[in-house]
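Undergrad: Provided below are the primary sequence and the corresponding predicted coordinates.
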Amino acid sequence: MPAPVDREDRDPQEAEESVQLLPPGQASEATPDLAEMGLSAQKFNPEWRKGDDIARYTALSASFFTLVVTLVGLLTQSAEYTWFSWHPILHTLAFPVFVYGVLTLQPTSQPKSKEAGLVRHQAALFGVAVPAAILGTVAVFYNKYLHDKHHFKSLHGQLGLLCTLWLVVQVLVGGASVWGGGVAFGGGMKAKKVWRYHRISGYVLFLCLLCTINLGGESGWAKRNVGAFFKFVAYTIAPVVVLGASAVRVRWSKMKIF
């Protein structure tokens with residue numbers, strides 16, 4: 001009988017594909033404390049490169065700046081608060097959390113770092129980002145319904161709606177490809193292939209979200225409530241910085257889908 005292969009000795013690509021996401025709220029008995037997992041991610045991550053940490057903090061800082069500028073604009077606006085008021089704050093709240101959700105999976109290949117990243121990724125998306133994005137879209141839709149206005153007439157609104165629908169599908173497909181061994185897609189290599197496409201789709205969606213934020217800077221609300229300088233930095237410079245910093249951390253060898 002061949003000797004069993006220790007988990008740490010497996011090929012990084014094989015180890016990466018073998019890790020399962022856990023459904024929200026469900027933890028494995030073997031899952032360690034999150035803080036301990038974070039330390040493991042640093043200790044067992046051989047893919048770390050100089051500049052990764054700087055890129056991470058740069059992306060998070062830029063996205064958080066957008067949130068702060070939006071919050072200040074909302075708190076100081078002269079108009080009365082309506083259902084629409086929930087839209088900018090919820091979507092910009094989701095922004096840094098989405099950024100964190102992407103960055104926490106970069107770069108991971110070893111089992112311990114991969115598992116830790118996936119747990120953090122799910123907690124961020126399911127706990128904050130996805131609910132905030134959906135509720136923000138519902139708020140603006142309901143506000144237009146109350147005032148009998150045209151829905152999603154601007155490019156910002158249309159792209160935002162597309163991103164929200166795409167996000168829902170992205171989450172469902174991603175979860176189905178790994179929960180229960182990916183049984184929804186036939187398990188094994190079939191499910192792993194779906195996960196690879198899910199990863200590519202996620203990066204494209206992330207780019208679309210950044211474009212939506214940029215277009216939001218040209219919305220009527222932003223023009224009325226945010227100064228020109230801060231509007232330019234928060235909705236134009238910040239998304240570009242996030243894109244560049246995230247790209248620095250990407251391991252393009254993992255992006256193969258064939």
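TA: Yes, it's here. Numbers count the residues shown, from 1 in each chain.
Undergrad: out of everything not next to it in sequence, what's closest to residue 223?
TA: Spatial nearest neighbour of residue 223, excluding adjacent residues (C-beta to C-beta, 6 or more residues apart in numbering): residue 231 at 7.4 Å. All C-beta spots, glycine's among them, are computed from the backbone N, C-alpha and C.
Undergrad: Quick check: the residue positioned nearest the centre of the chain vs residue 170, distance?
TA: Centroid-nearest residue in the chain, with C-alpha atoms, centre = their mean: residue 98, separated by 2.9 Å. Counting by C-beta to C-beta, to the nearest Å, the separation of residue 98 from residue 170 is 11 Å.
Undergrad: next one: residue 227
TA: The value you get for residue 227 to residue 170, if C-beta to C-beta is used, is 34 Å.
Undergrad: and what of residue 196?
TA: Separation of residue 196 from residue 170 (C-beta to C-beta) stands at 14 Å.
Undergrad: repeat for residue 66
TA: For residue 66, the distance to residue 170 (C-beta to C-beta) stands at 21 Å.
Undergrad: higher neighbour count, these two?
TA: Shown here are residue 66 and residue 170; by other C-beta atoms under 10 Å, residue 66 has more neighbours (26 against 19).
Undergrad: Just read off the phi/psi values of the more buried one.
TA: With angles defined as degrees, to the nearest 10, residue 66 sits at phi -60, psi -40.
Undergrad: Can you give me every residue that contacts it?
TA: Listed by C-beta atoms under 8 Å, 6 or more residues apart in numbering, the contact set of residue 66 reads 92, 95, 96, 213, 234, 235, 238, 239.
Undergrad: Restricted to helices, list those.
TA: Using DSSP state H, the subset of these located in helices is 92, 95, 96, 213, 238, 239.
Undergrad: Can you get me a residue count around the third one?
TA: What that stands for is residue 96. If you count neighbours by other C-beta under 10 Å, residue 96 ends up with 24.
Undergrad: separation between it and residue 203?
TA: Remark: distance between residue 96 and residue 203 (C-beta to C-beta) = 17 Å.
Undergrad: Let me know the pLDDT of residue 29.
TA: Here, the pLDDT recorded for residue 29 equals 46.
Undergrad: Residue 65 too?
TA: As predicted, residue 65 sits at a pLDDT of 98.
Undergrad: Pull the number of nearby residues for the closest residue to it other than its chain neighbours.
TA: Counting by C-beta to C-beta, 6+ apart, residue 238 is the residue found nearest to residue 65 once chain neighbours are left out, at 5.6 Å. Other residues near residue 238 come to 26 when the count uses other C-beta under 10 Å.
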